[in-house]
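Undergrad: make a model of this:
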Amino acid sequence: MDILNSLPGALLPWYSENARDLPWRKASSDPYPVWLSEIMLQQTRVEAVRGYYTRFLTALPTIRDLARVDEDQLMKLWEGLGYYNRARNLKRAAQMIEAVYGGKFPETHEEILTLPGIGPYTAGAIASICFSLPYPAVDGNVLRVYARLMEMEGAIDLPAVKKAVTDALTAILPPGESGAFNQAIMELGAMVCVPNGAPQCGVCPLAHLCRARASGTQLKYPVRLEKRARRPEEVTVFILSCDVALAVIKRGDTGLLRGLWALPHVSGLLDEAGALEQARAWGVDPLELTKSSERKHIFTHVEWEMRGFYLRCRVQSPRFTWVSADERSERVALPTAFRQFLGD
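TA: Numbers count the residues shown, from 1 in each chain. I've put the predicted structure just below:
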């Protein structure tokens, strides 16, 4: 049996019956919302994206709106979604579409690939879903399905392995239905051939084709390279309030969380005396330490162990920007690492 050539006939009817009702799937003829959804879904769960997607399109309904949006508004729309360079690249790409393509989203795979923040997977997804072009969209879900289906021994982290899978799927894309096929195999990986726990082989439309299922090796695949341990870092965070204002500060233009608003913070874990000394050095004249709390935040390669000190202050030091609750809600986007100290 030719497993790969059997995939379209097995997957397309299943997808037609079982596809989730997702808002971006209603807009497959318009590349802007499809592009936006694909960028938001990178390393982010579908349920987390739904609300962000709707709010973003309501605020910025066109590519022109995105190209012209103020940086603080853009970051506020993205607040809490993480990986903030995705948002910056969206704006850069929108500006390129305005400047190079006259405001119209490019319609060839090669041109789509030139846009900032778009790699082979995203280009394949947009090209196939919006323009019916014969390009696969190979993400982690697809690699997992393929690895189990074929009992593939190569580590899916390796570029050569990903290219081999991409080439194999390119050869079997059904004419005129490449977008539906790509979405079908991704949907199967997300909902049936799942990443955590045992795959739901009993309801899988590819169960009769799957080599791993036949040999009982589903949990052996996909093979991955050993992950590098995250680097631990200690950070002391200051929640400084003066009257009804909160102190915030912009991080620098390089490194982790670059260019984003943050609560004042220093490296290392200070004790109470050290925190009060630091606050005095900043010129905020602390009146009262109301409480402290411990938090943790995990980035891709770094893990922050965090201690927060809540201080009522007498002076609004010019070292910081002081914002009211309404101002913070409207224009100050704080990353989750800091928002957790405010109960957001």
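Undergrad: what about the strands in this protein?
TA: Listed in chain order, the strands of the chain (DSSP state E) span 231-242, 245-250, 261-262, 265-267, 286-298, 302-313, 321-323.
Undergrad: out of the ones you listed, which gets nearest to residue 200?
TA: strand 286-298 (28.2 Å; CB to CB). For every residue, glycine as well, the C-beta is placed using N, CA and C.
Undergrad: packing partners of the longest helix that the chain contains?
TA: For the chain, the longest helix by residue count, based on DSSP state H, is helix 85-100. Using 3 or more CB pairs under 8 Å, 6 or more residues apart in numbering; DSSP states H and E, the elements in contact with helix 85-100 are helix 31-40, helix 63-68, helix 71-78.
Undergrad: rewinding a little: for residue 28, find the nearest of the strands of the chain.
TA: Closest approach to residue 28 among these (CB to CB): strand 286-298, 34.3 Å.
Undergrad: next one: that closest one to chain centre, how far?
TA: Strand 286-298 has its C-alpha centroid displaced from the chain centroid by 28 Å (CA atoms, centre = their mean, to the nearest Å).
Undergrad: with stretch 277-286 instead?
TA: Relative to its chain's centre, stretch 277-286 lies at 37 Å (CA atoms, centre = their mean).
Undergrad: hang on, the earlier thing: using a markdown table, lay out the strands of the chain together with mean neighbour count, mean pLDDT and distance to residue 26.
TA: Listed next are the strands of the chain as a markdown table, based on neighbours: other CB atoms under 10 Å; pLDDT from 0 to 100; distance: least, CB to CB, whole Å:
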| stretch | mean neighbour count | mean pLDDT | distance to residue 26 |
| --- | --- | --- | --- |
| strand 231-242 | 18 | 96 | 41 |
| strand 245-250 | 18 | 96 | 38 |
| strand 261-262 | 19 | 95 | 34 |
| strand 265-267 | 14 | 96 | 42 |
| strand 286-298 | 13 | 94 | 34 |
| strand 302-313 | 19 | 96 | 38 |
| strand 321-323 | 17 | 96 | 37 |
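Undergrad: keeping just the C-alphas, turn the longest helix of the chain into PDB.
TA: This file holds the C-alpha atoms of helix 85-100, laid out as PDB (Å, rounded to 0.1, in the frame of the first residue of the first chain):
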ATOM      1  CA  ASN A  85       8.900  40.200  17.800                       C
ATOM      2  CA  ARG A  86       6.100  38.500  16.000                       C
ATOM      3  CA  ALA A  87       4.000  41.700  16.300                       C
ATOM      4  CA  ARG A  88       6.900  43.900  15.200                       C
ATOM      5  CA  ASN A  89       7.500  41.800  12.100                       C
ATOM      6  CA  LEU A  90       3.800  42.000  11.300                       C
ATOM      7  CA  LYS A  91       4.000  45.700  11.200                       C
ATOM      8  CA  ARG A  92       7.300  45.600   9.200                       C
ATOM      9  CA  ALA A  93       5.700  43.300   6.700                       C
ATOM     10  CA  ALA A  94       2.600  45.500   6.400                       C
ATOM     11  CA  GLN A  95       4.800  48.500   5.700                       C
ATOM     12  CA  MET A  96       6.600  46.400   3.000                       C
ATOM     13  CA  ILE A  97       3.300  45.400   1.500                       C
ATOM     14  CA  GLU A  98       2.300  49.100   1.300                       C
ATOM     15  CA  ALA A  99       5.700  50.200  -0.100                       C
ATOM     16  CA  VAL A 100       6.500  47.400  -2.500                       C
END
